[in-house]
Structure formats: C-alpha cells, structure tokens
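Student: With the input below, show me the fold.
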Amino acid sequence: MSKLKKQVCNQKNRDNWLSQAHTLSEALPYMRRHSGETLVIKYGGHAMGNKELANQFARDIVLLRQIGANPIVVHGGGPQIGEMLDRLNVKSNFVEGLRVTDEKSMEVVEMVLSGTINKQIVASISAAGGTAVGISGKNDELIVCEKIRHTSNGQNPNKKNELDLGLVGEPKSINTKVLDKFKKSDTTPVIAPIGTSHKGETLNVNADTAAGAISSALNAQRLLILTDVAGVMDSKGDLITRLNVKEAQKLLKNGTIHGGMIPKIKTCLEAIKKGVKGAVIIDGRVPHALLLELFTEHGAGTLIEPN
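Tutor: Just a heads-up that it's a prediction; the model follows:
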C-alpha cells in the first residue's frame, strides 16, 4: 500500500472513530435518564425473523442492562405458529375471521412459543454477553387470564352474539413478584405470552396485550412495541413522531389510525391510563431500533405520552 493510500485509510478510520465517539457522547444523557427504569419490550415481527436484526436486538438488551435499565422482553410468534400448524396438518377454524384455538392448536402454540422461540431469544442474549431466563405466563401464575368471548352482530345488527374463540385469554392479573426479583439482578426475563385461567386452563394471549398488562402492573417507564411499520402515519403518509393521549384518540376516531395499528394504539393508551409513563410504536426493521428510540432525540417510531 502506498503512503498516500495509507494516509487516506487512516483519515477514514479517524473520521469513523470520531463519529462513534460523538454518538456515544450524545447518548450519555439518555443513558443516565433510563438507568434504573423498567422498560417492557414487545418483541416480534421482522425484527425477530431476521437473524442479523435478532442478534442486534440481543446486543441492545445487553447494553440496556449494562447501563442499569431493567428490560423485560415479551415476545410474539404468530407466523412461526402458523407454519408449525401447517406442517403438522393441524387445521385452524375461524369465526368471522378470528382464529379459534382448540386444545390441539394450543399444544402447538405452547410448543412454539415456550419451547422454540423463547429459548432462541434467551440463547441470543447469552451469546451477546448477557444473562437471560425464559419463562411463560404460566410460571407462578405470572399472567392470570379470563377467556375472551368475542361479541358479534352477525347477520342481525339488532342482535348481539357471543363467539367462543376457544383457549384465548385476556390478562386480568399479573404476579409482579415473579418479575421483581429480576430488577435487582443482571438477568433479563424473556416471557412467552401464555397465560392460565382460574380453572387452570392454558390460554393463548396476544403478545401486545400481554406486554401492555405487564407494563401497567409494573408501572413501567416505557412500553415499547416493535412492529413492521415506521410508526403512526398521518393522513399524508408521513410519520408522526410524538402524540399525546388526546391526539391519539382523535386519530383513532377519524380513521387516520386504522387496520392492525388500532389494537396496538389501544394497548398503548390503556397502559398509559394505568400509569405507564410513555408507550412507543417502534420500527423493528431498523437496525438497533431500541437504542435509536431510547438514546437519540429523534427516536425510531411514534412516542405516545400522557396529556
């Protein structure tokens, strides 16, 4: 290598190092701010299915522990469950577009969530230099649920019908003692969203809903929901980076927030109503989305805060 090329290479390296140092310096106030805070993170979508993004997520969790934060991971697994049901030729029944979870399907759900995905996430965090433990909502009655019964008008708009969706639950109580012990340790809990009923039934729980209920019970500083979209969009398709509760409710009412974003925003609003300081819809497709959201001014999605 010529002397000139070496000088150019050294200058590029120096510029990169200076850029990294500048980034770390800017992040320091945010690291101090989030030290000691409980952060409930719903992990799913593309961020979980892409190996590189999954490894980056694991490193982000380790870093959050290192700065003194208390991250709690709640993961989904819908696509993986669907694939396994198809592979095992377990047919799914649907009522008005909603999946009915019978006992056979529930066995597959639990196998995939607790037996496969949960262990993969724990292994990734361990490989990144952290300590994690996988648990289910069934452990020590962490998530106690009631069975969901979907109300429908069916063919008659004047008559409401209750549809039994099978073994699908909605959290009614969270055993915070199970999670309190992790706050004072270096271990990150990774939770599979499976609950139990008062009768001892195993119930499938929506991961967003489970994360929202856990964040509320722990009075968390942040609920962070990783998705496959940039965040909440306005009527022109531009990202809204910040909303208060009233603004979010208005966007729900006028239809700006629509489709699959509706239940996510409702989960965020319910968590804030119950004491969570802020909830964020994060673009999980972005590398190190968690760090960008927590350690930069611009964030990586849409932050919803109390009025």
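
Student: Could you confirm Gly115 falls within a helix?
Tutor: Yes. Assessed with DSSP: H, G, I helix; E, B strand; the rest coil, Gly115 lies in a helix.

Student: residue contacts, it?
Tutor: By Cβ atoms under 8 Å, 6 or more residues apart in numbering, the contact list for Gly115 is empty. Quick note: C-beta positions are derived from backbone N, CA and C, even for glycine.

Student: Could you measure from it over to Lys147?
Tutor: Separation of Gly115 from Lys147 (Cβ to Cβ, to the nearest Å): 23 Å.

Student: Please, where are all the strands along the stretch 201-307 of the chain?
Tutor: 202-204, 222-227, 232-233, 239-240, 242-244, 279-283, 301-305 (DSSP state E, counting those that start in this stretch).

Student: contacts for the helix or strand encompassing Glu110?
Tutor: Taking DSSP states H and E as the criterion, Glu110 maps to helix 103-110. The contact list for helix 103-110, computed with Cβ under 8 Å, 6+ apart, reads 81, 84-85, 88, 90, 92, 99, 101, 136, 166-167, 192, 194, 202-204.

Student: buried subset of those residues?
Tutor: Burial of the contacts of helix 103-110 was assessed by neighbour count (16 or more other Cβ atoms under 10 Å); the buried members are 81, 84-85, 99, 101, 136, 166-167, 192, 194, 202-204.

Student: What mean pLDDT does the top strand by length along the chain get?
Tutor: Selection of the longest strand in the chain by residue count, based on DSSP state E, yields strand 161-174. What strand 161-174 shows for mean pLDDT is 88.

Student: Could I have the CA atoms of it written out in CSV?
Tutor: C-alpha atoms of strand 161-174 as CSV (Å, rounded to 0.1, in the frame of the first residue of the first chain):
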residue,chain,number,x,y,z
ASN,A,161,-74.0,-12.9,19.6
GLU,A,162,-71.1,-14.2,21.8
LEU,A,163,-68.5,-16.1,19.9
ASP,A,164,-66.3,-18.6,21.7
LEU,A,165,-62.8,-18.3,20.5
GLY,A,166,-61.6,-21.3,22.5
LEU,A,167,-58.4,-21.1,24.6
VAL,A,168,-57.7,-17.4,24.1
GLY,A,169,-57.2,-15.3,27.1
GLU,A,170,-57.1,-11.6,28.2
PRO,A,171,-54.9,-10.8,31.2
LYS,A,172,-56.7,-9.9,34.4
SER,A,173,-53.9,-10.1,36.9
ILE,A,174,-50.1,-10.0,36.8
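
Student: tell me what that strand is packed against?
Tutor: When contacts are defined as 3 or more Cβ pairs under 8 Å, 6 or more residues apart in numbering; DSSP states H and E, strand 161-174 sits against strand 98-100, helix 103-110, strand 143-152, strand 194-197, strand 202-204, helix 207-217.

Student: in what helix or strand does Val133 lie?
Tutor: Going by DSSP H and E, Val133 is part of strand 131-136.

Student: Contacts for that strand, please.
Tutor: Contact partners of strand 131-136, identified using Cβ under 8 Å, 6+ apart, comprise 61, 73, 110, 113-114, 118-119, 121-122, 125-126, 142, 178, 182, 185-192, 194.

Student: Next step: those residues restricted to helices.
Tutor: Residues of these located in helices (DSSP state H): Ile61, Glu110, Asn118, Lys119, Ile121, Val122, Ile125, Ser126, Val178, Phe182.

Student: These: which two are farthest apart?
Tutor: Maximum pairwise distance in these, criterion Cβ to Cβ, is 23.7 Å, between Ile61 and Glu110.

Student: Low-confidence ranges, the stretch 1-150 of the chain, go.
Tutor: Along the stretch 1-150 of the chain, segments meeting pLDDT under 70 span 1-25, 27, 96-98.

Student: Tell me the gap between the helix or strand harbouring Ala54 and the middle of its chain.
Tutor: Element membership for Ala54 (DSSP H and E) is helix 51-66. Offset of helix 51-66 from its chain centre (Cα atoms, centre = their mean, to the nearest Å): 14 Å.

Student: buried ones in that helix?
Tutor: For helix 51-66, burial by neighbour count (16+ other Cβ under 10 Å) applies to Leu53, Ala54, Gln56, Phe57, Ala58, Arg59, Asp60, Ile61, Val62, Leu63, Leu64, Arg65.

Student: Looking at these, which is nearest Lys172?
Tutor: Ile61 (28.2 Å).

Student: mind checking how far that closest one is from Gly130?
Tutor: Distance of Ile61 to Gly130, given as Cβ to Cβ: 6 Å.
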